[in-house]
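J.: Pasting a predicted model and its sequence here:
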Amino acid sequence: MIELEGLSKRYGDKLAVDDLTFTVRPGMVTGFLGPNGAGKSTTMRMMLDLDNPTSGSVRIDGKHYAQLTDPLRSIGALLDAKAMHGGRTAYNHLLCLAQSNGIPTARVGEVLEMVGLSGVAKKRSKGFSLGMGQRLGIAGALLGDPEILMFDEPVNGLDPEGIHWIRNLMKSLAAQGRTVFVSSHLMSEMALTAEHLVVIGQGRLMADTSMAEFIRENSRSYVRISSPEYERLLDVLESAGITAVTASDGHLEVDGVAASTLGELAAEHRLVLHELSPQQASLEEAFMQLTAGSVEYHAHSSATGLAAEAPIPPEAGAGYAEGAPPAAGWGAGWERERENRKNRKRGL
Ligand SMILES: Nc1ncnc2c1ncn2[C@@H]1O[C@H](COP(=O)(O)OP(=O)(O)OP(=O)(O)O)[C@@H](O)[C@H]1O
């Protein structure tokens, strides 16, 4: 278990980490998300005592990092795969780590085998590809067979087979009851790997909740419905008091009504339907929705004619941090369209 309490880090006038309090629990993969510059790496460095907090504390299974006798036996981490002595062979790099943490030499061969680097064990790591470097970093994290593992962008540079491997590795480590804390910008990957999420923006805690809850709270779910009798479908829906919005591809989108209710309504009016499908947003959409107000570095999209939605306050739900920065309105366009339709109906 990793416990953060009031953790803050200031660099000059920049508050990189702002009063973070959360617990990373064993038995599951916890994803650590945040836009660029949100403070993820700084937080992870403080967890490993590589940076001193300005205030607050981190406890690793109840102890400060400095109190751990052989740290690699308690917490293994992959932070920066390039942060190793390139002149050393993969084997010697791991051997040095093992010897400084009282880990038996035999474990070096074991972890090299686990990460698929046995064949290059005697090669200097400076000749390694990005993916090989990541694998060596992961071998270092696994070396002490620790109960807690932390990975910063572990799939960076890995090929599809490598990504699949690390995903299964993290899940199996968590299934063994270990604490697994992982940051990644690859949302699709995170959605497949993490069960719980901690999200930060501008150094502040924005969410500490389950993956399912996070997506549910930060996305719009609706039903796509289409019929060859478009106008009649619209009339049927309107007469039932249901607002539908026409999507750019000509389908109708209905918010807040179950697909089964819509199907029964269509059947009652002998309407042929070509599509009736409930839609749920992805983790990526939910993440962008929550963090839209806290993104520091973003490209301008004026060249493409795309415009961002105006921010509206998020609806706070369970697990959401008080005072989290405002998110852009996921349903703002939808609400506008609903108003327009009402106005058209009133002849405005
Ligand atoms: N050593 C440092 N000195 C000064 N400022 C720093 C230092 N390290 C980080 N920062 C600043 O602190 C903020 C948080 O940086 P950090 O690298 O922790 O973010 P991150 O969430 O890991 O970002 P990314 O996703 O881009 O890796 C940034 O504004 C960064 O510029």
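T.: Done, it's in.
J.: going forward, measure contacts and count neighbours with C-alpha atoms only.
T.: Fine.
J.: Contact distance from the ligand - what residues of this structure qualify?
T.: Taking Cα under 6 Å from any ligand atom as the measure of proximity, the chain contacts the ligand at 11, 16, 34-42.
J.: Let's see the pLDDT reported for residue 57.
T.: Per-residue confidence at residue 57 stands at 96 (pLDDT).
J.: how far away is it from the ligand?
T.: 16 Å (Cα to the nearest ligand atom, to the nearest Å).
J.: If you rank the residues of the chain next to the ligand by neighbours, which is first?
T.: If you count neighbours using other Cα atoms under 10 Å, the busiest of the residues of the chain next to the ligand is residue 34, which has 26 neighbours.
J.: Which residues are in contact with the residue nearest to that one when sequence neighbours are not counted?
T.: The shortest distance from residue 34 to any non-neighbouring residue, by Cα to Cα, 6 or more residues apart in numbering, is to residue 200 (5.0 Å). Residue 200 makes contact with 32-35, 38-40, 206-207 under the criterion Cα atoms under 8 Å, 6 or more residues apart in numbering.
J.: quick one: pLDDT of residue 163?
T.: With respect to pLDDT, residue 163 scores 91.
J.: same question, residue 279
T.: pLDDT for residue 279: 87.
J.: That one contacts residue 219, doesn't it?
T.: No: in this structure, residue 279 is not within contact of residue 219 by Cα atoms under 8 Å, at 10.1 Å.
J.: higher neighbour count, those two?
T.: Remark: of residue 279 and residue 219, residue 219 carries more neighbours, 22 against 14, as counted by other Cα under 10 Å.
J.: My guess is the more buried one contacts residue 288. True?
T.: No: look at residue 219 against residue 288 with Cα under 8 Å: they stay out of range, at 9.6 Å.
J.: Which helix or strand contains the residue nearest to residue 34?
T.: Secondary structure assigned from DSSP states H and E places residue 200 in strand 196-201.
J.: List the pairing partners of that strand within its sheet, with orientation.
T.: Strand 196-201 has the following sheet partners, assigned by DSSP bridges: strand 28-33 (parallel), strand 204-210 (antiparallel).
J.: For those, give me CSV that also has distance to residue 149.
T.: Below are the strands paired with strand 196-201 laid out as CSV (distance: least, Cα to Cα, whole Å):
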stretch, distance to residue 149
strand 28-33, 10
strand 204-210, 19
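J.: Could you point out which of those sits nearest residue 120?
T.: Minimum separation from residue 120 across the strands paired with strand 196-201 (Cα to Cα) falls at strand 28-33, 29.7 Å.
J.: from the strands paired with strand 196-201, which stretch is densest packed?
T.: Compared across the strands paired with strand 196-201, strand 28-33 shows the largest average neighbour count, a mean of 26 (mean count of other Cα atoms under 10 Å).
J.: Let me see the residues that make contact with the helix or strand that it is followed by.
T.: Using DSSP H and E, the helix or strand that follows strand 28-33 towards the C-terminus is helix 40-47. Residues outside helix 40-47 that contact it (Cα under 8 Å, 6+ apart): 9, 16-17, 32-34, 51-53, 58-59, 65, 79, 150, 152, 183, 200, 203.
J.: Just the buried ones from these, in ChimeraX syntax?
T.: Filtering the contacts of helix 40-47 down to the buried ones (16 or more other Cα atoms under 10 Å) takes a single ChimeraX command:
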select :9,16,17,32,33,34,52,53,58,59,65,79,150,152,183,200,203
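J.: Show only the entries of the contacts of helix 40-47 found in strands.
T.: Among the contacts of helix 40-47, the members found in strands (DSSP state E) are 9, 16-17, 32-33, 58-59, 150, 152, 183, 200.
J.: I'd like the residues you listed as JSON lines, with distance to residue 159 appended.
T.: Converted to JSON lines, these look like this (distance: Cα to Cα, whole Å):
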{"residue": "9", "distance to residue 159": "35"}
{"residue": "16", "distance to residue 159": "32"}
{"residue": "17", "distance to residue 159": "32"}
{"residue": "32", "distance to residue 159": "22"}
{"residue": "33", "distance to residue 159": "22"}
{"residue": "58", "distance to residue 159": "34"}
{"residue": "59", "distance to residue 159": "34"}
{"residue": "150", "distance to residue 159": "20"}
{"residue": "152", "distance to residue 159": "17"}
{"residue": "183", "distance to residue 159": "18"}
{"residue": "200", "distance to residue 159": "28"}
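J.: Pick the one among those closest to the ligand.
T.: Ranked by distance to the ligand (Cα to the nearest ligand atom), the ones in strands among the contacts of helix 40-47 are led by residue 16 at 4.2 Å.
J.: From what I see, the closest one and residue 36 are in contact.
T.: No: in this structure, residue 16 is not within contact of residue 36 by Cα under 8 Å, at 11.5 Å.
J.: Name all residues that make contact with residue 218.
T.: Residues near residue 218 by Cα under 8 Å, 6+ apart: 286-287, 289-290.
J.: again, only using 6 Å
T.: residue 286 (Cα atoms under 6 Å, 6 or more residues apart in numbering).
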